[in-house]
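> Show me the folded form of this:
(chains A and B)
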Amino acid sequence: MENNTVLEVKNLHVHYVTSESAAKAVNGIDFEVKEGESLGLVGETGAGKTTTALAIMQLIPDPPGIIVDGEIYFEGNNVILNTDKENQAMRGNGISMIFQDPMTALNPIMTVGDQLSEVLLTHEKLSKAEAKKRVIDLLEIVGVKSDRYDDYPHQFSGGQKQRVVIAMSLLCNPKLLIADEPTTALDVTIQAQVLEIINNLREKYKMAMILITHDLGVVAETCDKVAIMYAGQIVEAGTVREVYLNPKHPYTRGLFDSIPKLDDDSSELIPIEGAISNAADLPTGCYFHPRCRYCKEICKQQQPPQKGEGHTFMCHFDLFSEEEKEERR
Amino acid sequence: MENQVLIETRRLKKYFPVPAGFLHAVDDVNLKINKGETLGIVGESGCGKSTLGRVILRLHEATSGDVLYDGMDINNFSADEMRYMRQNMQIIFQDPYASLNPRMTIGQIIEEPLKLHKIYKSADDRRARVEELMELVGLPMRSYNQYPHEFDGGRRQRVVIARALSINPQFIVCDEPVSALDVSVQAQILNLLMELQKKMGLTYMFISHDLSVVKHISTNIGVMYLGQLIEKAPKNDIFNHPLHPYTIALLSAIPSTNVLQKSKKIILKGEINSPINPKVGCRFATRCPFATEKCTSGNPQFVEAAPDHFVACHRWKEVADGTLKFNM
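Predicted coordinates:
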């Protein structure tokens, strides 16, 4: 393992088990994130993106959630074997997370300043005055005026709240930031502001980032690498450039074909038929086969292997290689 | 062929009373929608897109101004006349999880408007019509006796569409109909809406905050900001020659999937103003890099800058001839 790897996830499986059923949310994913690198985790609702993030943070609600198998190395330590106390120290300091909804991520009955200082006072030995100073400095960086230190969350707009949440996640200079749909609840002009702040801060502090989103455009503009998730698996991964220019998995192709493109009027939208499978009742073989237009007999019976170096994908075929295209003609 | 105007609004206003005064949700909107066309309405949350759609359907009563449907001023219609009128105008809501009665089967839901408007006398005729509609929107017959909770978002939205179409409307307000859906399913619903429009000659007002979706489906696009329509034009004019600084910034902020060509973003400073008791002047002036004295002292008029291209900005001429440019 190279020593600039911040996070390595190996063969991670997470299930949510109830008396009636077991939902297989994450089914054997592998990836790593290096120092200063940003990875986009893309997929539809129910693809297992947020569960993956919660597993890394060791925040899977248990019960019903169980990490069934796999390893998660943060700076060389397998966090699954950590004690609660060790995890507590890691969260905020080592890894921190921006949650999806800025409206519910803040405590409504505490002032913004108090909430932010609390983070510092919990993790570091500081006086209250020192903590306040650090909080005010960081708020300025994300574009919240210092005179709002004593305001309550309801006095902030959505974009401002998201800035406060970003500031909170950065207070202890984490090595890795997990941003779960940080701009989904925001309008596009505000989204552009917030993404710019995140990008600038990431450069400044050489922070690694995992950006969870369903928006392929946001990933193209913020990330170095991308992993496409479907039914708890990473079906395709690589650099943003490689995956966007030459998608190899039929699901990835399907995603690109189903979004309207601004610079291309003529193209008709080609939807992916059907809907994502229920995690408690996954199909046999390739999880994508019921929706795949290229489905063959083998796809219904066997899980596809992972293919490729650097740019990897999980499919029995290399459908979009020149030879295969010829064959289908 | 002369385009026939189906929907027209004149100086349409909707103010909501709030403790601090009046919230100007829709403020002096003039627009026309031609038969068989789609007018896309874009804007950020709270700009009055949805309220505009509802006032046009008279689901909210307008504070002042007129709504003309095929030349008839529907704001003066009595309740009975309006009930009859509603056969022509329907709405599709954003959240297909909240807009279906959980205790009714799919068949009953689609049949309900047929009963309300007494369109068919016999139950058999209604059943036949429901089945026809289910086929039209791509729902399998076995779902007739199923309940909404058995459906995912995409199929629920198909039920909502079938219900809206049941009484043969001409005009449908689509209020963020695909925002709650995943992209792969979103494309299914967009294609369905476009196919139905072609087949039945429907007229849409399509409200969305997603500009690429709006561009895909619309004939004309209107941009709203704090209750006002600030620019309206055929979609390619809006995208290729935007005249309002806000439209320019909005278009540049759309994240693009094109990895070969990174577009430059215009990052606006500041936050959206409050729509409660807005001051005189252009409402975008606080965030506009080109704002002058004139912009804060007088309301810009909504003028026709080019054929079919309307804009409300004091300095649109300078934007059009390239004197004013954003620093990127």
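
> In the stretch 201-329 of chain A, which residue sits closest to chain B?
Residue of the stretch 201-329 of chain A nearest chain B, by C-beta to the nearest C-beta: A:Gly217 (3.0 Å). For every residue, glycine as well, the C-beta is placed using N, CA and C.

> which stretch of helix or strand covers the closest residue in space to that residue that isn't next to it in sequence?
Excluding the flanking residues, the one nearest A:Gly217 by C-beta to C-beta, 6 or more residues apart in numbering or on different chains is B:Pro255, at 3.0 Å. Here B:Pro255, judged by DSSP states H and E, is contained in no helix and no strand.

> Please apply the same query to A:Lys24.
strand A:22-34.

> Mind checking the pLDDT average for whichever helix or strand A:Leu195 is part of?
Remark: A:Leu195 resides in helix A:188-205, with elements defined by DSSP H and E. Helix A:188-205 comes out with an average pLDDT of 85.

> what angle do the helix or strand following that helix and strand A:22-34 make?
Moving toward the C-terminus from helix A:188-205, the next helix or strand (DSSP H and E) is strand A:208-213. Strand A:208-213 and strand A:22-34 are oriented at 140 degrees to each other (axes from the mean of the first three to the mean of the last three C-alpha atoms, to 10 degrees).

> Quick check: neighbours of strand A:208-213 in the sheet, parallel or antiparallel?
If you go by DSSP bridges, strand A:208-213 pairs up with strand A:38-42 (parallel), strand A:176-180 (parallel).

> interface residues of chain B facing chain A?
Proximity of chain B to chain A (C-beta under 8 Å from any C-beta of the partner chain) is limited to residues B:44-45, B:152, B:154-155, B:182-188, B:190-191, B:209, B:211-213, B:215-216, B:236, B:239, B:249-250, B:252-260, B:262, B:265-268, B:271-272.

> one step back: name the SS class of the residue of the stretch 201-329 of chain A closest to chain B, please.
Here A:Gly217 is helix, with the state taken from DSSP: H, G, I helix; E, B strand; the rest coil.

> mind listing what it touches?
B:254-257 (C-beta atoms under 8 Å, 6 or more residues apart in numbering or on different chains).

> Among these, which pair sits farthest apart?
Taking C-beta to C-beta, the two most distant members of the contacts of A:Gly217 are B:Ile254 and B:Thr257; they sit 10.1 Å apart.

> got the contact list for the residue nearest the centre of chain A?
Among the residues of chain A, the one closest to the centroid is A:Ile212, at 2.7 Å (C-alpha atoms, centre = their mean). By C-beta under 8 Å, 6+ apart, the contact list for A:Ile212 reads A:40-41, A:49-50, A:53, A:178-181.

> Over to A:Cys295?
Counting by C-beta under 8 Å, 6+ apart, A:Cys295 touches A:286, A:289.

> got the residues of the stretch 101-250 of chain A near chain B?
Checking the stretch 101-250 of chain A against chain B by C-beta under 8 Å from any C-beta, the hits are A:157-160, A:187-193, A:195-196, A:214-218, A:220-221, A:240-241, A:244-245.

> Now restrict the residues you listed to buried residues only.
Buried members of those, counted by 16 or more other C-beta atoms under 10 Å in any protein chain shown: A:158-160, A:187-193, A:195, A:214-218, A:220-221, A:240, A:244.

> Residue 322: how many residues sit nearby?
Unless you meant another one, I'm taking chain A. 8 (other C-beta atoms under 10 Å in any protein chain shown).

> looking at chain B here, not the other one
B:Gly322 has 7 nearby residues by other C-beta under 10 Å.

> For A:Val79, see how far away A:Tyr73 is.
7 Å (C-beta to C-beta, to the nearest Å).

> try A:Asp69
Separation of A:Asp69 from A:Val79 (C-beta to C-beta): 15 Å.

> Those two - which one has more neighbours?
Per other C-beta under 10 Å, whichever of A:Asp69 and A:Val79 has more neighbours is A:Val79, with 21 against 15.

> dump the residue contacts of the closest residue to that one other than its chain neighbours.
Excluding its sequence neighbours, the residue lying closest to A:Val79 (C-beta to C-beta, 6+ apart) is A:Ile72, at 5.0 Å. Contacts for A:Ile72 (C-beta under 8 Å, 6+ apart) come out as A:7-10, A:12, A:55-56, A:78-80.

> Where does the prediction get shaky in the chain?
No chain specified, so I'll use chain A. Low-confidence regions of chain A, defined by pLDDT under 70, span residues A:1-3, A:265-267, A:324-329.

> wait, chain B
Across chain B (using pLDDT under 70), the flagged ranges come out as B:1-2, B:271, B:328.

> Which is the succeeding secondary structure element to the longest helix along it?
Taking DSSP state H as the criterion, chain B has its longest helix at helix B:183-200. Scanning forward in sequence from helix B:183-200 by DSSP H and E, the next helix or strand is strand B:203-207.

> so which two of the contacts of A:Ile212 are the farthest from each other?
Greatest spacing in the contacts of A:Ile212, by C-beta to C-beta: A:Gly40 and A:Thr50 (14.2 Å).

> wait, which of the contacts of A:Ile212 is closest to A:Phe256?
Closest approach to A:Phe256 among these (C-beta to C-beta): A:Gly40, at 14.1 Å.

> re the thing from before, can you tell me what sits against the longest helix of chain B?
Contacts of helix B:183-200 (C-beta under 8 Å, 6+ apart): A:44, A:214, A:216, A:254-255, A:257-260, A:268-273, A:275, B:36, B:38, B:136-138, B:152-154, B:157-158, B:161, B:165, B:168, B:174, B:177-178, B:181, B:202, B:204, B:213, B:216-217.
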